[in-house]
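> prediction below, plus the sequence it came from.
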Amino acid sequence: MEVTAQRKPLSFTNKILIGTVLGIVVGYIFGERIEDLRVIGDIFLRLIQMAVPVLIFGAVTEAMGSLDPKALRKMGVRMFAWFIISTSIAAAAGLTFAFITNPGTGIPQGLLQSNIEPPAAQTPVQLILGFFGTNIVDSMARGSMIQIIIFALLFGVAVCFVTKETGNTLLIDYLRIFNQALLRMVKIVMHIAPLGVFALMSWVAGKLGFGVILPLAKYLGGIALACLLFMITIISIVAAYVRVNPIKLASKLVNMSLVASATTSSAISLPIKMQDSVEKLGVSKRISDLVNPIGMVLNSPGQAMFLSMASVMLSQFFNLDMSFGRIVQIVVVSTLACMGTLAVPGGALVILAGLLPSLGIPIEGIALIAGVDWFRGMITTIPNVACDAMISLVIAKDEGEFYREVFDGELTAAEAAKKLINQP
């Protein structure tokens, strides 16, 4: 009797890879005629984007509401310290490779054409006030992630105290069910991710083309090398700290990295990052729900890398002085500029436009890199997303909520959580 081997269904990772490769090939073949196909990709992005503000609010509120107030203070300090360290390392890596590759030299002057306007200058007081919204509904409508997170943090603390004082867990229970339903909705949308990625990559290859890359190959190559060095460094540090195999850790970041690269958005990658942190890395849901959304806003190593690399490149292009003081200024400003910034495609250019005047660099310089910003985003969004997941792993280890059996593939996340509950 013959036994017919059943084919294993394609994994999500392979589907994304196939969508990416096919999109590039189709876009290259059809050129600008494929531009209308972008609408499919835009629909996919919007379906995810419309859920992200509510997902952040629900996840952060539930995570905060479930915490012990004393534990929160200690965990918050550690989390913020890791964010600062990782972003500073990334900014320094971008700066280092900028001096190695010298991307600002030999660029044709004809590329300097742009209609990009810098954002209105803000005083430090205005910048700080911008972190706090006057209306949470308005903050959600505008997608102001930092305002949503601050409200969710405060509301979560209030829920924590009320639950502790009354013993009534009804609100937390409702939040938990609400978040589960929202994540299920996102999982349904993610089924069309390969098609959305195919459409986006077709548009990129067909509309933007790859010829635009050649004059700026040193710039993109420098960023790619900086990202590679940063990822190897952070993976090695986290693997040693948590005592796991670094190659295995890297393999578990592939899914979220592919989505991050294809969409160039940390916000759109958030649901898959939260899911993989729990189901692949072995992070508890409570830690993942708190660290990953906050990290999306406050921890942007890829963006810090881009800002430092772009600042040096434009300084070289305009023949500006690169003293030690200026170098330190670029690293510090690039690190701080990533706190509470835009987590959407193209958001980094807006941040750069606001950063350049403070460094004495002509705003017109953005024209040099605007044409390849999508390709740059494909590179730098990966460390933005993967680093958050690794920090959630570190915090989970510190809090005793890292499930090694899940990381090793011996148990599912649900089985590990149930085993923890049943322990005496």
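Cool, the structure landed. Residues are numbered from 1 along each chain as shown.

> helices of the stretch 151-300 of the chain, start to end?
Taking DSSP state H, counting those that start in this stretch as the criterion, the stretch 151-300 of the chain carries its helices at 170-190, 193-203, 217-242, 246-251, 254-263, 266-279, 285-298.

> nearest to Asp42, of these?
helix 193-203 (8.0 Å; C-beta to C-beta). Every C-beta, even on glycine, is put in place using the N, C-alpha and C of the backbone.

> who are the packing partners of that closest one?
Applying 3 or more C-beta pairs under 8 Å, 6 or more residues apart in numbering; DSSP states H and E, we find helix 193-203 packed against helix 12-30, helix 38-49, helix 254-263.

> show me how far the shortest one is from its chain's centre.
Translated: helix 254-263. With C-alpha atoms, centre = their mean, to the nearest Å as the basis, helix 254-263 stands 10 Å off its chain's centre.

> how about stretch 383-399?
12 Å.

> which parts of stretch 98-106 are buried?
98, 101, 103-104 (16 or more other C-beta atoms under 10 Å).

> correct me, but Leu225 touches Thr96?
No: the criterion here is C-beta atoms under 8 Å, and Leu225 misses it with Thr96 at 9.4 Å.

> mind listing what Ser236 touches?
Residues counted as contacts of Ser236 (C-beta atoms under 8 Å, 6 or more residues apart in numbering) are Pro246.

> end-to-end on stretch 161-181?
Using C-alpha to C-alpha, to the nearest Å, the end-to-end distance of stretch 161-181 comes out at 25 Å.

> so how far is Ile84 from Phe131?
To Ile84, Phe131 is 17 Å away according to C-beta to C-beta, to the nearest Å.

> what does Val21 give?
When Val21 is compared with Ile84 (using C-beta to C-beta), they lie 37 Å apart.

> of the two, who's got more company?
Taking other C-beta atoms under 10 Å, Val21 and Ile84 do not tie; Ile84 has more neighbours (15 against 12).

> out of the helices of the stretch 151-300 of the chain, which gets nearest to Ala304?
That would be helix 217-242 among the helices of the stretch 151-300 of the chain, by C-beta to C-beta, at 9.6 Å.

> pull out the buried positions in that closest one.
218-220, 222-227, 229-231, 234-235, 237-239, 242.

> which non-adjacent residue is nearest Asn102?
Gln316 (6.3 Å; C-beta to C-beta, 6 or more residues apart in numbering).

> can you count the residues close to Met296?
24.

> how about the contacts made by it?
Neighbours of Met296 in contact, by C-beta under 8 Å, 6+ apart: 56, 145, 266-267, 270, 273, 343, 384, 388.

> let me see the confidence value for it.
Looking at Met296, its pLDDT is 83.

> separation between it and Phe317?
32 Å.

> ok, now Ser392?
Taking C-beta to C-beta, one finds Ser392 at 38 Å from Phe317.

> looking at these two, which has the bigger crowd around it?
Ser392 (29 against 20).

> residues contacting the more buried one?
By C-beta under 8 Å, 6+ apart, the residues touching Ser392 are 277, 281, 283, 287-288, 291-292, 295.

> one more pass at 7 Å, please.
277, 283, 287-288, 291-292 (C-beta atoms under 7 Å, 6 or more residues apart in numbering).

> closest one of the residues you listed to Leu253?
Nearest member of the contacts of Ser392 to Leu253, counting by C-beta to C-beta, is Ser277, at 9.8 Å.

> got the contact list for that closest one?
Applying C-beta under 7 Å, 6+ apart, the residues contacting Ser277 are 283, 288, 292, 389, 392.

> was I right to think the fourth one contacts Met256?
Spelled out, it's Ala389. Yes: Ala389 lies in contact with Met256 (C-beta atoms under 7 Å); the separation is 6.4 Å.

> touching both of those two, which residues are there?
273, 276.

> tally of neighbours for the closest residue in space to Met145 that isn't next to it in sequence?
Counting by C-beta to C-beta, 6+ apart, Met145 lies nearest to Val297, which is 4.7 Å off, once chain neighbours are set aside. Other residues lying near Val297 total 26 when counted by other C-beta under 10 Å.

> how much space separates Val297 from Gln180?
Distance, Val297 to Gln180, using C-beta to C-beta: 23 Å.

> do Val162 as well
In terms of C-beta to C-beta, Val162 sits 22 Å off from Gln180.

> likewise for Leu314?
Between Leu314 and Gln180 the computed distance is 47 Å (C-beta to C-beta).

> of the two, which one has the most company?
Higher neighbour count among Leu314 and Gln180: Leu314, with 24 against 13, using other C-beta under 10 Å.

> tell me the contacts of that one?
By C-beta under 7 Å, 6+ apart, the contact set of Leu314 is 104, 361, 365, 368.

> helix, strand, or coil at it?
helix (DSSP: H, G, I helix; E, B strand; the rest coil).

> let the chain start at 53 from now.
Sounds good: first residue 53 from here, last item Leu366.

> how far away is it from Leu445?
Distance from Leu366 to Leu445, by C-beta to C-beta: 36 Å.

> one more: Ala400?
Counting by C-beta to C-beta - Ala400 and Leu445 are separated by 25 Å.

> please apply the same query to Ile346.
15 Å.

> check Val73 too.
In terms of C-beta to C-beta, Val73 sits 30 Å off from Leu445.

> and if you look at Asp341?
14 Å.

> Phe109 now?
Taking C-beta to C-beta, one finds Phe109 at 24 Å from Leu445.

> same question, Leu404
Distance check for Leu404 against Leu445: by C-beta to C-beta, it reads 30 Å.

> buried stuff in stretch 81-99?
Buried, per 16+ other C-beta under 10 Å, within stretch 81-99: 86, 89-90, 92-93, 96-97, 99.

> least confident of those?
At the low end of pLDDT for those is Leu97, which has 79.

> and the closest residue to that residue other than its chain neighbours, how many neighbours does it have?
Leaving aside its sequence neighbours, Leu97 sits nearest to Ile320 (C-beta to C-beta, 6+ apart; 6.0 Å). Neighbourhood size, Ile320 [other C-beta under 10 Å]: 27.

> same deal with the one 3 residues further on?
Here the neighbour count serves as a burial measure; for Pro323 (other C-beta under 10 Å) it reads 24.

> next up, the contacts around it.
Pro323 touches 100, 107, 235, 238, counting by C-beta under 7 Å, 6+ apart.
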